[in-house]
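*Asks:* how does the following fold in three dimensions:
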Amino acid sequence: TPRDKAWGFYVTAAGRHDVPPNYVSFSDPSGYQLWKTGRVLDDFLVIYIMRGRGILKSKESGEVRINAGDMFMLFPNVRHRFRPDPETGWYECWVMFNGSWPRRLLEHQFITPKEPVVSVGLDSPVGKLFQQIMDGVQSQPTVPNRILAAYVAEMLSYMVCAASNNVSGSGDVLTDIEHAVWYMEEHVDSDIDMEEVAEFINMSYSSFQRHFKRTVGLTPHQYYLRLRTSKAKELLEDLDLSVKQIALQLGFNDPYYFSRLFKKQTGISPKGWRRTAGRRLK
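*Replies:* Numbering: from 1, shown residues only. The predicted structure follows:
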């Protein structure tokens with residue numbers, strides 16, 4: 001209503017959806033088209049994942065993995081697409097809203113399309129707030145929209161606090177990132193998955209990606225590639241080792257893939273780098 005809009009924050013829709021594991025992806029042609037082209041919303045949309053995993057893609061955020069306990073926000077006029085992993089499905093709760101107040105949060109970058117995913121955990125009060133929103137939507141007009149908006153505002157507060165609680169400056173997260181770097185260095189000779197690193201420091205994958213980038217300036221994957229490239233350069237100085245042996249020593253089963261990756265990182269092939277390194281060592 002006009003009064004709700006004048007309040008500065010109003011809820012437009014809410015619901016929940018259970019996508020079972022092993023669901024048939026794109027069984028509906030319209031679903032395929034939506035995934036292919038994405039969509040643009042007029043309102044804000046927050047989704048809380050209580051089971052399963054999936055992915056979110058937008059120009060602003062790139063591809064981001066979603067796990068149980070994560071909340072993610074979709075923004076007005078930002079093209080996006082998301083879906084649950086067909087292997088796991090997911091259970092989602094969602095609420096759509098708009099108003100001058102959430103737009104001020106966006107304007108002052110309390111919320112941003114560049115970092116749409118926040119891990120709040122499965123034991124977060126967010127779950128109870130969603131239940132109150134669902135109950136209120138079903139009871140309307142008994143429950144005024146302004147009460148629903150208050151629940152969403154509290155939910156956003158948890159979301160913003162979870163996102164900012166551990167930004168650089170927090171000793172706990174800095175320690176976690178240091179442990180992650182140590183783990184990567186210890187496993188530079190094997191092809192580890194970044195989700196394994198996140199699990200090692202007991203942090204959700206989405207939070208790990210966000211905090212690592214803020215702290216180090218690179219994504220975890222970029223940093224790990226630099227570590228492996230640096231180690232490869234050291235090994236290339238040993239002329240007794242062939243490029244194939246070095247690739248295997250670093251956990252690359254395919255030496256040609258190793259060579260392509262090395263050239264992509266350095267601009268020069270392993271053999272070319274060895275020749276220049278040999279001249280430097282003479």
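
*Asks:* can you name the residues bridging to Asp70?
*Replies:* Beta-bridge pairing of Asp70, defined through DSSP bridges, involves Ser119.

*Asks:* typo on my end, Val64
*Replies:* Judged by DSSP bridges, the bridge partners of Val64 are Leu56.

*Asks:* that one contacts Lys114, correct?
*Replies:* No: Val64 is beyond contact range of Lys114, at 10.2 Å (criterion: CB atoms under 8 Å). Every residue, glycine included, has its C-beta placed from N, CA and C.

*Asks:* please say which of the two ends up with more neighbours.
*Replies:* Set Val64 next to Lys114 and count neighbours by other CB atoms under 10 Å: Val64 wins out with 20 against 11.

*Asks:* got a list of what the residue lying closest to Pro20 once chain neighbours are set aside touches?
*Replies:* Once flanking residues are discounted, Pro20 sits nearest to Gly89: 4.8 Å by CB to CB, 6 or more residues apart in numbering. Applying CB atoms under 8 Å, 6 or more residues apart in numbering to Gly89 gives the contacts Asp18, Val19, Pro20, Pro21, Asn22, Tyr23, Arg51, Gly52.

*Asks:* filter the residues you listed to the buried ones?
*Replies:* Neighbour-count burial within the contacts of Gly89 applies to Val19, Tyr23, Arg51, Gly52; the criterion is 16 or more other CB atoms under 10 Å.

*Asks:* re earlier: and the pLDDT at the residue nearest to Pro20?
*Replies:* Gly89 is assigned 92 on the pLDDT scale.

*Asks:* for it, what are phi and psi?
*Replies:* When quoted as degrees, to the nearest 10, the phi and psi of Gly89 stand at phi 60, psi -160.

*Asks:* helix or strand: which one has the nearest residue to Tyr205 once chain neighbours are set aside?
*Replies:* Once flanking residues are discounted, Tyr205 sits nearest to Ala198: 4.6 Å by CB to CB, 6+ apart. Using DSSP states H and E, Ala198 maps to helix 194-200.

*Asks:* so what touches that helix?
*Replies:* Residues outside helix 194-200 that contact it (CB under 8 Å, 6+ apart): 65, 179-180, 183-184, 204-205, 207-209, 220-221, 224.

*Asks:* quick one: those as a markdown table, columns for neighbour count too.
*Replies:* Below are the contacts of helix 194-200 laid out as a markdown table (neighbours: other CB atoms under 10 Å):
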| residue | neighbour count |
| --- | --- |
| Arg65 | 18 |
| His179 | 15 |
| Ala180 | 24 |
| Tyr183 | 15 |
| Met184 | 19 |
| Ser204 | 22 |
| Tyr205 | 23 |
| Ser207 | 24 |
| Phe208 | 24 |
| Gln209 | 22 |
| Pro220 | 23 |
| His221 | 13 |
| Tyr224 | 23 |
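
*Asks:* that older thread, pull the helix holding Ala198 out as CSV, backbone CA atoms only.
*Replies:* Extracted C-alpha coordinates of helix 194-200, given in CSV (Å, rounded to 0.1, in the frame of the first residue of the first chain):
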residue,chain,number,x,y,z
MET,A,194,39.9,-25.1,-2.2
GLU,A,195,36.8,-26.5,-0.4
GLU,A,196,39.2,-28.8,1.4
VAL,A,197,41.2,-25.8,2.6
ALA,A,198,37.9,-24.1,3.8
GLU,A,199,37.0,-27.3,5.7
PHE,A,200,40.5,-27.4,7.3
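
*Asks:* so what does whichever helix or strand comes after it touch, helix or strand wise?
*Replies:* Next helix or strand after helix 194-200 toward the C-terminus (DSSP H and E): helix 205-216. Secondary-structure packing of helix 205-216 (3 or more CB pairs under 8 Å, 6 or more residues apart in numbering; DSSP states H and E): strand 62-67, strand 117-119, helix 171-186, helix 194-200, helix 220-236.

*Asks:* please repeat the previous calculation with a cut-off of 10 Å.
*Replies:* Packing contacts for helix 205-216, counted by 3 or more CB pairs under 10 Å, 6 or more residues apart in numbering; DSSP states H and E, involve strand 62-67, strand 70-74, strand 117-119, helix 145-164, helix 171-186, helix 194-200, helix 220-236.
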